[in-house]
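Asks: give the three-dimensional model of this entry:
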Amino acid sequence: MNFGTYQSLKNLTVNQQVGALFLIVFGVLVIASVVTFLLSLRDFGDDAHGQRRHHDLRNLEGVLSTSWMMALVFWLGWVSGTTVALVLFGFVSFFCLREFLTLSPTKRGDHRSLILAFFVILPMQYWLVGTARFELFTVFIPVYVFLLIPVVSALANDSERFLERNAKLQWGIMVCIYGLSHVPALLLLEFPKYNNKNSFLVFFLVIVVQVSQLVQHLVSRVYKWDPLVPNISQSFNWGSVLIGVAVGSALGGALAGITPFVPGQAFVMAFVACVAGSLGHLVMKALKRDRGIPIWRSERGNMRAGVTGAGGLLDRVDALCFAAPVFFHFVRWYFGL
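Replies: Predicted coordinates:
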């Protein structure tokens, strides 16, 4: 993207930028959804090749559903304001945490801690974000909640697998609540000469991470390079990761005109987000391997909607759970906000 194009995009009014993004994003999503629907009508057969094609199509449908959801969240946040965006992401965190905890059977002694996590910690974290208490919301969960959870668990008078049970809940809170809460937190950052445009930062983060993940998935399906960590993921290899991160970073540089960054800064910010998202996606795959659920399948071998019936929501936003806090704090540190 040359400097003239960047300046032209930068000089557009807010409404013009929103209109351009609306046409581009929803246009691409509509075309991709129609193509995916037409492909779903094909009979791929029952052999190994046909099953692999069907599996790839299901994965693509999952990525598209997540993209639609994030696009709608962006537009609702833009139209309705920060409060609605906070509520929406709060619900996303709620369902992600519920989905996460289904992988980790709980005991009766965990009920108090679970109530605390869902109905006290989650709303408190998003309230701290909404009131722009950055110094407190960044340490509320890693410090205070991490110390409080084992205390509540100990008071339940159940020491069986105490460390394991508490570590699972702490990790779920860290990923599903702490990580995701940094996405709407971007709406509260105050950049010079960037008033009322922070929704573009949310869009920027989501689109570069999603595109990076999608490219990695497609490249790994086309080129069968040796996996880097075969016991965790057969698709995670340096080739697909580097290509996906490169594409996501280049897209970030191209979108600099809607951000407070110049193209070089936007490229670096997107690079940081894509790397964090890729590594986070790998970590969540390792977690599923540990719980013995590497692939969501029903007894008949078809892809299941998700552990809780929530459409595999956590599986679709896991990269964002890791990318958001890294991106948020890197931006704050770089610009001294």
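Asks: centre of the chain versus stretch 83-91, how much separation?
Replies: 15 Å (CA atoms, centre = their mean, to the nearest Å).
Asks: contacting residues around that stretch?
Replies: 73, 76-77, 122-123, 126, 129-130, 180-181, 183-184, 187, 199, 202 (CB atoms under 8 Å, 6 or more residues apart in numbering). Placement of C-beta: from N, CA and C, glycine included.
Asks: residues of that stretch that come out buried?
Replies: 85, 86, 87, 88, 89, 90 (16 or more other CB atoms under 10 Å).
Asks: before we move on, the earlier item: which one among the contacts of stretch 83-91 gets closest to residue 154?
Replies: residue 122 (21.8 Å; CB to CB).
Asks: packing partners of whatever helix or strand the closest one lives in?
Replies: Using DSSP states H and E, residue 122 falls within helix 122-130. In terms of contacts (3 or more CB pairs under 8 Å, 6 or more residues apart in numbering; DSSP states H and E), helix 122-130 is packed against helix 82-102, helix 134-139, helix 180-185.
Asks: which of these is buried the deepest?
Replies: helix 180-185 (a mean of 27; mean count of other CB atoms under 10 Å).
Asks: so which of the contacts of stretch 83-91 is the most crowded?
Replies: If you count neighbours using other CB atoms under 10 Å, the busiest of these is residue 183, which has 30 neighbours.
Asks: setting aside sequence neighbours, what's the nearest residue to residue 186?
Replies: Once flanking residues are discounted, residue 186 sits nearest to residue 201: 4.4 Å by CB to CB, 6 or more residues apart in numbering.
Asks: same thing with residue 138?
Replies: Using CB to CB, 6+ apart, the closest residue to residue 138 is residue 329 (7.4 Å).
Asks: tally of neighbours for that neighbour?
Replies: Neighbour number of residue 329 under other CB under 10 Å is 14.
Asks: quick check: mean pLDDT of the helix or strand hosting it?
Replies: Per DSSP H and E: residue 329 is located in helix 313-335. Averaged over helix 313-335, pLDDT sits at 89.
Asks: which parts of it are buried?
Replies: Quick answer for helix 313-335 (16+ other CB under 10 Å): 313-328, 331.
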